[in-house]
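J.: mind folding the following:
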Amino acid sequence: MTVIKSLVWDEWNRVHIQRHSVTIEEVEEVCRRKYKEIKSYRKRFLLIGKTKTDRILAVVITPEDRNGISYGEGIYYVVTAYEKEGQ
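T.: Numbering: from 1, shown residues only. This is a model prediction of the structure:
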């Protein structure tokens, strides 16, 4: 399982997850709790987990920012997050 020490937020990903009606706090909750991890493409990981209120979210993270600059170990940029329906 990927060890997440911290998440990187900028204006772009904050606005993007708001469009999906997801908050930063909910994404942080999923990443601190038990989640299912699926390796995606281009070094991205799809995490599926629950918030404290049992809302199921899909969160996509990557160890690089949108310009391809790598972060340190355990630091991930949030690409997107959305509610996972039918789970």
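J.: distance check, residue 56 against residue 73.
T.: With the distance defined as Cβ to Cβ, to the nearest Å, residue 56 ends up 28 Å from residue 73. Glycine gets a C-beta too; all of them are placed from N, C-alpha and C.
J.: could you pull out the strands for this protein?
T.: 6-8, 35-39, 45-50, 56-62, 75-83 (DSSP state E).
J.: mind checking which of the ones you listed is nearest residue 17?
T.: Residue 17 lies closest to strand 75-83 among the strands of the chain, at 4.7 Å (Cβ to Cβ).
J.: helices or strands up against that closest one?
T.: strand 6-8, helix 11-19, helix 24-32, strand 56-62 (3 or more Cβ pairs under 8 Å, 6 or more residues apart in numbering; DSSP states H and E).
J.: distance between it and the chain's centre?
T.: 3 Å (Cα atoms, centre = their mean, to the nearest Å).
J.: same question for stretch 55-73.
T.: With Cα atoms, centre = their mean, you get 7 Å for stretch 55-73.
J.: that older thread, and the strands of the chain, which one's lowest on average pLDDT?
T.: Mean pLDDT values for these show the minimum at strand 35-39, a mean of 90.
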